[in-house]
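predicted model and sequence follow; I will ask about them next.
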Amino acid sequence: MSAMTRRAATPSELLSPTEMAEADRLAGNGPALMEAAGAAVARAIRSRFRPLPVLVLAGPGHNGGDGYVAARHLERAGWDVAVAPLAPPNGDAAGAAAHWRGPIRPFAPASLARAGLVVDAVFGAGLSRPVDGQVAETLCAIRTPIVAVDVPSGVDGATGAVRGLARQAALTVTFFRLKPGHLLLPGRDLCGETVLAEIGLPEAVLDRIGPRSFRNGPGLWRLPQPDTATHKHSRGHVTMLSSDALSGAALLAARGARRAGAGLVTLACESENAARAHRMAEPGALTLTGDWPEALLEDGRREVFCAGPGLPPDATTRGTVAALLAAGKRLVLDAGALTAFAGHPDRLHGAAILTPHMAEFARLFGEVGKDRLEAARRAAAQSGAVILLKGSDTVIAAPDGRAAINDNAPAWLATGGTGDVLAGIAAALLAQGMPPFEAACAAAWLQGEAAQRAGPGMIAEDLPPQIHATFLHVAALI
Ligand SMILES: NC(=O)C1=CN([C@@H]2O[C@H](COP(=O)(O)OP(=O)(O)OC[C@H]3O[C@@H](n4cnc5c(N)ncnc54)[C@H](OP(=O)(O)O)[C@@H]3O)[C@@H](O)[C@H]2O)[C@H](O)CC1
Ligand SMILES: [K+]
């Protein structure tokens, strides 16, 4: 897990830099907010570093204003502080600068010589173009730890992308709500430890803004709660399509689905040989063989299907998925079932959840580009399905515009077969009655949590046995 502020204590709404500026405007007390922001930066520094000579690099906007306030608070605490302004301060920053009576240095590499710590208060939410010239040259010359105000300068708060250049911060102090760029890569990594500080902005401004982006976590969804009236049929039946060529993928998905609470899981097989192998490997799952899709549609109680893990991206897969969609089944589609529709996402209308990685996404919807949040939203609107765009910063987007960023996946989750388990978890949660967006969010989070528990060196098979412990953990968090 990243060094982010404790999850349970962090509000889930994310604000884009534009929404944050709107929150600022609605609150209507810029100087007080700036004072609180700068004080929070100084507090965070003092609680993590022993006194060091500090150089505050101050931009012309409010980010720079926060820097002047932080400088004043550190100096008052006895620290040796200087400020290097990039340009004359504007707006509320001019007031903050007027209260700074300490040393002023040129905004240039030479001013860094004495510093033991640099506060990067150059650009925050107002970054409007790539960082270059004198700013890039000075940032590149820093050899000390960096504390970033709001975001490391050059990181786009909306997307996490780097515009021009950004330096690695040891600590980033941001305000009121996290921005998408604190969770999306590479922004998340560049922030270092991220501290979310309260600065007196009233929560009520959120009612006016209506955030549509969230940090994924148990506050966003509720896992199915079986009770004494529950039986295996009422806990949902997931049918997993399996191919003879790559039957292990469907088996992993089936294990994920069973551990995520599906009452019944059927592996629909091409041959009796494969069905026999599945029965030996997974005695608790059912198997079925016969002509697809007729055999699949015979039993009306089969409502949720998971297709793609191990399936070839060919005309047969296309035909099966089309028949299931035409029959109104609820589908989780992954891997081969996505690539089978390359260039034709419109033909997937009616699917509940699509779980592409970057390359599969590109085949369906075009390149992801630098804004993963926007790309996933666009794809969800286009396909009418919830999109779970996989990666270290998985994004889940709904056709209605809601989107969540998942940040609990450890790096060691990137190994073959884990996506199959994820598709199975999502299908199981869907089968138990969770709406598609919530099911996809919960699946991504449970998978990340299970991977953390499994630890470095884990393989896909290690994930399902960890899932029940993650259910218990969720129960403890809410
Ligand atoms: N509610 C809050 O969260 C609060 C946030 N605060 C802080 O305010 C900043 C945002 O302040 P803002 O003034 O809107 O923007 P910036 O300070 O980040 O930057 C704007 C100035 O920087 C110039 N700029 C932008 N990009 C570049 C670049 N690549 N090269 C050179 N100059 C650049 C920009 O110039 P323009 O020509 O585009 O106008 C502006 O001059 C937020 O991040 C918080 O730190 C409040 O203090 C407290 C409340
Ligand atoms: K900054």
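Great, that's in hand. Ligands and ions are numbered 1, 2, ... in the order given.

tell me the helices and strands packed up against the one helix or strand Val474 maps to.
Assigned by DSSP states H and E, Val474 belongs to helix 463-477. Packing partners of helix 463-477 (3 or more C-beta pairs under 8 Å, 6 or more residues apart in numbering; DSSP states H and E): helix 247-259, helix 418-431, helix 436-454. No exception for glycine: its C-beta is placed from N, CA and C like everyone else's.

got the buried residues for it?
463-464, 466-467, 470-471, 474 (16 or more other C-beta atoms under 10 Å).

mind checking how far the helix or strand of the chain with the lowest mean pLDDT is from the chain centre?
Taking mean pLDDT, DSSP states H and E as the measure, helix 294-297 is the helix or strand of the chain with the lowest mean score, a mean of 88. From the chain centre to the centre of helix 294-297 is a distance of 37 Å (C-alpha atoms, centre = their mean, to the nearest Å).

ditto for stretch 312-321
Distance of stretch 312-321 from the chain centroid (C-alpha atoms, centre = their mean) equals 31 Å.

stretch 99-114 now?
Worked out by C-alpha atoms, centre = their mean, stretch 99-114 lies 38 Å from the chain centre.

quick one on the thing from earlier: ok, which of the helices and strands packed on helix 463-477 comes nearest Ala315?
Closest of the helices and strands packed on helix 463-477 to Ala315 is helix 247-259, at 19.4 Å (criterion: C-beta to C-beta).

packing partners for whichever helix or strand comes after that closest one?
The helix or strand immediately downstream of helix 247-259 is strand 264-269, counting by DSSP H and E. The contact analysis (3+ C-beta pairs under 8 Å, 6+ apart) places strand 264-269 against strand 237-241, helix 247-259, helix 272-281, strand 286-289.

quick check: angle from strand 264-269 to strand 237-241?
On the basis of axes from the mean of the first three to the mean of the last three C-alpha atoms, to 10 degrees, strand 264-269 is oriented at 20 degrees to strand 237-241.

pairing partners for strand 264-269, with directions?
Sheet pairing of strand 264-269 (DSSP bridges) gives strand 237-241 (parallel), strand 286-289 (parallel).

for the first one, which outside residues touch it?
Strand 237-241 is contacted from outside by 250, 253-254, 257, 262-268, 288, 292, 296, 301-309, 311, 320, 337, 424, 427-428, 431, using C-beta atoms under 8 Å, 6 or more residues apart in numbering.

from Ala27, how far off is Glu303?
47 Å (C-beta to C-beta, to the nearest Å).

buried set for stretch 77-94?
79-86, 89, 92-93.

spell out which residues of the stretch 201-350 of the chain are next to ligand 1.
Residues of the stretch 201-350 of the chain lying near ligand 1 by C-beta under 6 Å from any ligand atom: Leu201.

against ligand 2, how distant is the residue in the stretch 201-350 of the chain that ligand 1 sits nearest to?
Residue nearest to ligand 1 within the stretch 201-350 of the chain (C-beta to the nearest ligand atom): Leu201, separated by 5.8 Å. Applying C-beta to the ion, to the nearest Å, the value for Leu201 to ligand 2 is 19 Å.

correct me if wrong: that residue contacts Phe176.
Yes - with contact defined as C-beta atoms under 8 Å, Leu201 reaches Phe176; the gap is 4.6 Å.

phi and psi next, for the residue nearest to the spatial centre of the chain.
The residue lying closest to the centre of the chain (C-alpha atoms, centre = their mean) is Ile405, at 2.3 Å. The phi/psi pair for Ile405 (degrees, to the nearest 10) reads phi -110, psi 130.

ok now do it, which residues does it touch?
By C-beta under 8 Å, 6+ apart, the contact list for Ile405 reads 14, 180, 183-184, 213-216, 373, 393-395.

now do Ala423
253, 256, 306, 308-309, 332, 334-335, 355.

pipe the residues you listed into a markdown table and attach neighbour count and pLDDT per row.
A markdown table is the format used below for those (neighbours: other C-beta atoms under 10 Å; pLDDT from 0 to 100):
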| residue | neighbour count | pLDDT |
| --- | --- | --- |
| Ala253 | 37 | 98 |
| Gly256 | 35 | 98 |
| Cys306 | 34 | 98 |
| Gly308 | 30 | 97 |
| Pro309 | 32 | 97 |
| Val332 | 37 | 98 |
| Asp334 | 31 | 98 |
| Ala335 | 25 | 98 |
| Thr355 | 32 | 98 |
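
closest one of the residues you listed to Glu449?
Looking across the contacts of Ala423 and measuring by C-beta to C-beta, the closest to Glu449 is Gly256, at 13.3 Å.

so the closest one is in contact with Glu461, correct?
No - counting by C-beta under 8 Å, Gly256 stays clear of Glu461, with 10.5 Å between them.

tell me the spacing between Leu422 and ligand 1.
34 Å (C-beta to the nearest ligand atom, to the nearest Å).
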